[in-house]
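K.L.:
Here is a sequence with its predicted model. Questions after.
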Amino acid sequence: MSDAPVSYAPSGGPDEVCSYEDTVAAYDPVLGLEVHVELGTKTKMFCGCPTEFGADPNTQVCPVCLGLPGALPVVNETGVESAIKIGLALNCEIATWCRFARKNYFYPDMPKNFQTSQYDEPIAFNGWLDVLLEDGSTYRVPIERAHMEEDTGKSTHVGGATGRIHGADYSLVDYNRAGIPLIEIVTKPMTGVGDRAPEIAKAYVGALRDLLRALGVSDVKMEQGSLRCDANVSLRAKVGDDPGSEAQQEVPLGTRTETKNVNSLRSVERAVRYEMTRHAAVLSAGQTIVQETRHWHEDTGVTTSGRVKSDAEDYRYFPEPDLVPIAPDREWVERLRASLPEPPAQRRRRLQETWGFSDLEMRDVVNAGAVELIEATVAAGATPAGARKWWGGELARRANADGRDLGDMGVTPAAIAQLDGLVQSGRLNDSMARQVLDGVLAGEGMPLHVADARGLAVVQDDGALTEAVNTVLAANPDLVDKIRAGKVQAAGALIGQVMKATKGQADAAKVRQLIMDTVAPEQG
Amino acid sequence: MNHDITRASAAELADALGRKEISAVEVTQAHLDRIAAVDGAVHSYLHVDAHGALEAAREVDDRRAAGDDELHVMAGVPIAVKDVMTTKGLPTTCGSRILEGWIPPYDATLVTKLRAAGMPILGKTNMDEFAMGSSTEHSAYGPSRNPWDLDRIPGGSGGGSSSVIASFQAPLAIGTDTGGSIRQPAAVTGTVGTKPTYGGVSRYGLVALASSLDQAGPCARTVLDTALLHAVIGGYDPRDSTSIHAPVPQVVRAAQRADVSGMRIGVVKQLTGEGYQAGVQQRFDEAVALLVDAGAQVVEVDCPNFQYALAAYYLILPSEASSNLAKFDAMRYGLRVGPDGIPDPSAEQVMAASRDAGFGDEVKRRIILGTYALSSGYYDAYYGQAQKVRRLIAQDFDRAFAQADVLVSPTAPTTAFRVGEKLDDVMAMYLNDVATIPANLAGIPGMSVPSGLAPEDGLPTGLQILAPAMADDRLYAVGAALERALHAKWGGPLLANAPELPTAATKEA
């Protein structure tokens, strides 16, 4: 987690990089992703302190999470339950018996100067996660393990140019975060990714985020650090054009670098891409990659050297003697397995089929974060197409423009369902419905109420409409002649004038019908 | 009851308090007076809390006067607590400079139980730094002295707790035993001490030396007193994951019945004979004979893997200690010193300088040893092998307990040695615990009871009793039976033969 005792490499100038095209033409990338998830348990992993984000520094602490002399940890059972759920959702085996271990290193934000973690006995291991890619294909990410550990405190380094401990005037430590339960999910080497490596990395983290959210085990907010990603990248010589070929798999893995704390989906993609091009430049120049930790810089889009991983780094792991082993009861595990929600990918396929959306439509809906809202709106009586039109179209556009979440727009699925109903019944046309939505968003009430209050309704009264049609026909004998001569498209201009005369409150189809009936009754 | 309050047993004091013959304040004050008189010579205490103890005593007296019938049977009986247990508002140094001035914000579970029972805490007792040692000579605050001979050590690491009761500065004391730190001090001071089954007494608030070996326990002058204290502090604690979820064994009843008839007593072949001082061995043999007279049978048991116990212990203990002691880094509490000649030191430099200044040589020795043993490439050969030995020793015990209900041995190979005598010979110091260490490795309970005075030097010797896990009551049955037989033989308790201590008043004269 936090960087261990550090020996910082001297910071040189910017690194050389290759073009992405040259990189993937010459090399086969292999990825390894480590994702840390803060669990949403009410209390910390080994004590009863609350875990709420954003409290005043050092107000959510006790002798245990401060590592005071004599204090002892007790395992949070909900944390174990979440870990098992995550393991099961990642298709892992769940250990019948496992232990915590101490990872020993000195750092001021680690109260005990060891992290209680798991080492060679993780609670979940050997799984996979299918990830849907832009082109509709699926990449199966092999999962090495998911293990339980505790978070460290949070250091703030004040002064100095970098915001890092090196060169800072002083440092502040907030131990509120110390002891918050973490699950570390580690992939096996992801091979066969080829030129899609950055996309696959991003898609995996996104899929993992959706999965964890669906499990309800974490709020998975990358910007608050409740989901953090470290990306390992290495390149090896490319053999042929198929990254999944046997010949390619036989090429030994190159030296990897680990880029720390890449904390947005977009950054995952960018950081992987950057490291690939940087490695390619180093290798192409005949030099070797240094196995090291890299820091990702969101603003400049580059990584810089962190600490060199050397043989001297030794965490002296040994089984945590203050905790007893965990042997999850098989019945408990099966109960948890049965309680798992439908996996997001499977659920998406099912909904797409039920709703009759095309792949493109479904992807837009997913990207807009509208799946749950559409589901609720359909449940409230809307047509799937109507629900998609509003949530995936007008509302998504407005949410995007305001930088807000779709769910926070102040309009409910029930309101959209009612709006859709008003359109389907012919009471409102498109432009009226948009006006009604404005009213709903402005807090004027439910759509029906807004439509009534604003006097919005398609004119259905044949008498008034017939009068308007006749007026327009009388004023445009030339157009009437054209229609009679068979140029039916000329009716469009007449319809437009009628709509204008009725201030848009007429049903255009109805107007067309009346015009045709009057001008050319014989044509039906 | 004995006319001198400080000479009375805890059971007698509890009785007299219950009958309102004396007040808790009187009892506490008598001990405070005794402390003022003799602790200058013995140096059992690192910190005396006269105010807090009297306050607690007064509260007990008030409650008793008000007819409170929920008062604990031990209410008003004062106690001394080893300085390795956290005490809210009272300094807790673990005998180390690195914790000098640290006042814990919380009570150990065991301390909470003492307070709940209304037992006034007289103060905190001296110890080898972080419980590493067999003599208290490794205390950063100077050694405690053996009341039988002030030139000699009172054992360790709990020499403060053994000497405090042997010098009548408290009727009871709390000790902790990682490799013998309750039992060996009891043996060399002519007192009683029990290391309960691992998990029998909560470790919450016990500043860890080696988590898988540490166990807090009772120290007293009689077997019954030890049992009474054991009953107060024992039992499950949800704050300690390694605590056993079961009732405390019936230790008080076992001590009262003192019945060994039909009991099979195993003498451990590997823990007698060669390496044991002649007088220690002689008193042990006599004690075993007395147990036979009391109705026990004696069998010899073989524990071949005990020969590896000391080596395994000195890998496991330092390994765990190196990690447990990492938290003392000057960042949050305790001693903080800046490194010499570095104007603007980094956190790492402050940590290093503080640990260098705050830890003594023995602590540093074991941290280095443990760090080495856990290092990648050495782990399997050292820590891993030691854990295997640990399992073999547990298996030896299993086999032995199939043949015998309890096992016995001399507690320590020798009587108390002179202060300074073994300070430069680390191996000789470590060998003091050769008989007590196997119990810690296996997690089983053990007790030391006085077996007499060695004829050659007139100093106390101890007999160790070991029982299977959670059969702590057997220790008390055997201990009490032996105590009864020996008291009959001696015409009273062994400590009646201890020399009068120079008091502060006589020194002035």
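P.N.:
Thanks, I have the structure now.
K.L.:
I figured residue B:32 hits residue B:53, correct?
P.N.:
Yes. Applying Cβ atoms under 8 Å, one finds residue B:32 in contact with residue B:53, separated by 6.9 Å. Every C-beta, even on glycine, is put in place using the N, C-alpha and C of the backbone.
K.L.:
Of those two, which one has the most company?
P.N.:
The neighbour comparison of residue B:32 against residue B:53 (other Cβ atoms under 10 Å in any protein chain shown) goes to residue B:53, with 27 against 21.
K.L.:
For that one, which residues are in contact?
P.N.:
B:28, B:32, B:78, B:120, B:121, B:122, B:123 (Cβ atoms under 8 Å, 6 or more residues apart in numbering or on different chains).
K.L.:
residues of the helix or strand where it lies that come out buried?
P.N.:
Assigned by DSSP states H and E, residue B:53 belongs to helix B:50-65. Within helix B:50-65, the residues that qualify as buried are B:50, B:52, B:53, B:54, B:56, B:57, B:59, B:60, B:61, B:63, B:64, counting by 16 or more other Cβ atoms under 10 Å in any protein chain shown.
K.L.:
Relative to the whole chain's centre, how far out is that helix?
P.N.:
27 Å (Cα atoms, centre = their mean, to the nearest Å).
K.L.:
residues touching residue A:333, list them.
P.N.:
Going by Cβ under 8 Å, 6+ apart, residue A:333 touches A:84, A:88, A:94.
K.L.:
want to try CSV for those, with distance to residue B:212, neighbour count and pLDDT as columns?
P.N.:
Listed next are the contacts of residue A:333 as CSV, based on distance: Cβ to Cβ, whole Å; neighbours: other Cβ atoms under 10 Å in any protein chain shown; pLDDT from 0 to 100:
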residue, distance to residue B:212, neighbour count, pLDDT
A:84, 26, 24, 98
A:88, 32, 22, 98
A:94, 26, 23, 98
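K.L.:
Closest one of those residues to residue A:157?
P.N.:
Set against residue A:157, the nearest of the contacts of residue A:333 by Cβ to Cβ is residue A:84 (37.0 Å).
K.L.:
I'd say that closest one and residue A:123 touch.
P.N.:
Yes. If you go by Cβ under 8 Å, residue A:84 and residue A:123 touch, sitting 6.6 Å apart.
K.L.:
Pull up the overlap in contacts between these two.
P.N.:
Residues touching both residue A:84 and residue A:123 by Cβ under 8 Å, 6+ apart: A:94, A:328.
K.L.:
What is the burial count for residue 450?
P.N.:
Looking at chain A here, since you left the chain open. 24.
K.L.:
you looked at the wrong chain, it should be chain B
P.N.:
Using other Cβ under 10 Å, the number of residues around residue B:450 comes to 30.
K.L.:
Doesn't it belong to a helix?
P.N.:
No. Under the criterion used here (DSSP: H, G, I helix; E, B strand; the rest coil), residue B:450 is strand, not part of a helix.
K.L.:
so for the helix holding residue B:53, what's the average pLDDT?
P.N.:
For helix B:50-65, mean pLDDT is 98.
K.L.:
Give the partner strands of the helix or strand following it in its sheet and their orientations.
P.N.:
Where DSSP H and E defines the elements, the next helix or strand beyond helix B:50-65 is strand B:79-82. Strand pairing for strand B:79-82, determined by DSSP bridges: strand B:121-125 (parallel), strand B:172-176 (parallel).
K.L.:
Taking strand B:172-176 as reference, get the angle to the next helix or strand after strand B:79-82.
P.N.:
Sequence order places helix B:109-116 as the next helix or strand after strand B:79-82, per DSSP H and E. Per axes from the mean of the first three to the mean of the last three Cα atoms, to 10 degrees, the angle that helix B:109-116 makes with strand B:172-176 is 170 degrees.
K.L.:
packing partners for helix B:109-116?
P.N.:
strand B:79-82, strand B:121-125, helix B:223-233 (3 or more Cβ pairs under 8 Å, 6 or more residues apart in numbering or on different chains; DSSP states H and E).
K.L.:
Nearest to residue B:431, out of the ones you listed?
P.N.:
Closest approach to residue B:431 among these is made by strand B:79-82 (23.1 Å; Cβ to Cβ).
K.L.:
So which bits of that closest one are buried?
P.N.:
By neighbour count on 16+ other Cβ under 10 Å, the buried set for strand B:79-82 is B:79, B:80, B:81, B:82.
K.L.:
Spit out the contact partners of the one residue in the stretch 1-150 of chain A that gets nearest to chain B.
P.N.:
Across the stretch 1-150 of chain A, the shortest distance to chain B (Cβ to the nearest Cβ) belongs to residue A:113, at 3.6 Å. Residues in contact with residue A:113 (Cβ under 8 Å, 6+ apart) are A:67, A:104, A:105, A:106, A:107, B:326, B:327, B:329.
K.L.:
On the pLDDT front, check it for me.
P.N.:
With respect to pLDDT, residue A:113 has a value of 96.
K.L.:
Please apply the same query to the one 5 residues further on.
P.N.:
The predicted local confidence for residue A:118 comes out at a pLDDT of 97.
K.L.:
Cross-check the contact I'm expecting between it and residue A:99.
P.N.:
Yes. Residue A:118 is in contact with residue A:99 according to Cβ under 8 Å; the separation is 7.2 Å.
K.L.:
who has more neighbours, these two?
P.N.:
Neighbour count, other Cβ under 10 Å: between residue A:118 and residue A:99, residue A:118 has more, with 26 against 19.
K.L.:
count of neighbours near the closest residue to the more buried one other than its chain neighbours?
P.N.:
Nearest-residue entry for residue A:118: residue A:147, 3.8 Å, with adjacent residues in sequence omitted and distances by Cβ to Cβ, 6 or more residues apart in numbering or on different chains. By other Cβ under 10 Å, the residues close to residue A:147 number 25.
K.L.:
is it true that residue A:147 touches residue A:122?
P.N.:
Yes. Residue A:147 is within contact range of residue A:122, at 3.7 Å (criterion: Cβ under 8 Å).
K.L.:
Could you measure from residue B:31 over to chain A?
P.N.:
Separation of residue B:31 from chain A (Cβ to the nearest Cβ, to the nearest Å): 26 Å.
K.L.:
quick one: low-confidence parts of chain A?
P.N.:
For chain A, applying pLDDT under 70 flags the ranges A:1-14, A:161-166, A:308-312, A:460, A:520-524.
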